[in-house]
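Trainee: need coordinates for the following:
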Amino acid sequence: MKKNNTILYVGAGAIAIGLISMFGNKNSKGEENTGAMPLPTPLPTPTNTTQPKPQLNQNLTLKVGVKGAEVSKLQTLLGINPDGIFGPITEAALYKLKGVKSTTLALFPKLPNVNQNRYPKGTRVMANLKAGTPLYKAIAKADGSYYSNYEVFTTKDFGEKIGTIRSSNEAGNWYTVLADLWSGTEVMFVKASDIKSY
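Mentor: Next comes the predicted model:
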């Protein structure tokens, strides 16, 4: 019996040596091993996967129906969910804050906020900006109402008397005033945030 076990061990060893010589001389790619250490494969160079931020069109009119990154930016400025779609929620938020239903990103910061404490007609007001309060030229229309081209007509120094309130827009962020000027009393526009009563 010992003889049979020896033959079994010798046979198993011969098969193992044959397998090693047959398969052990090739690398994982099936190429012959030369005995030298394989060169390490260089790691791939990392690439920048972040997309560049799109340039926002600061002069695109944002109103109901407009979609895109500009709308998302406006929604962020309004403090609402930035979904990029200008719908009734965005319009209501814009109207509540600025008193308008459309704007551009360039114009948005220049628009005064809605005035929650309006001055009544006849209230005497003075300049309340340290750098001076601009009075904007008022242009009369045929129906007796006024509009402005936002051209500054004159600037009143801080604390200087401007005149009396004539009317305000619906949002209360602009007033027409009967301004006391060197040329007499004239209708002018003034931002509500730029004046205070006295």
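Trainee: C-alpha from now on. contacts and neighbour counts both.
Mentor: Fine.
Trainee: and after the lowest-mean-pLDDT helix or strand in the chain, which helix or strand comes next?
Mentor: Every helix and strand in the chain was compared by mean pLDDT, DSSP states H and E; the lowest is helix 2-23, with a mean of 64. Sequence order places helix 69-78 as the next helix or strand after helix 2-23, per DSSP states H and E.
Trainee: for the most centrally placed residue in the chain, give its distance to Gly84.
Mentor: A centroid search over the chain (CA atoms, centre = their mean) returns Lys73, at 2.6 Å, as the residue closest to the centre. Between Lys73 and Gly84 the computed distance is 8 Å (CA to CA, to the nearest Å).
Trainee: also Lys137?
Mentor: Lys137 sits 36 Å away from Gly84, going by CA to CA.
Trainee: ok, Glu151 next?
Mentor: If you measure Glu151 against Gly84 using CA to CA, the figure is 33 Å.
Trainee: and these two? which has more neighbours close in?
Mentor: More neighbours surround Gly84 than the other of Glu151 and Gly84, with 18 against 12 (other CA atoms under 10 Å).
Trainee: identify the residues contacting that one.
Mentor: In this structure, Gly84 makes contact with Lys67, Gly68, Ala69, Glu70, Val71, Ser72, Lys73, Gln75, judged by CA atoms under 8 Å, 6 or more residues apart in numbering.
Trainee: looking at those, spot the one nearest Ala171.
Mentor: The shortest separation between Ala171 and any of those is 19.7 Å, and it belongs to Gln75 (by CA to CA).
Trainee: how many neighbouring residues does the closest one have?
Mentor: Neighbours of Gln75 under the rule other CA under 10 Å: 22.
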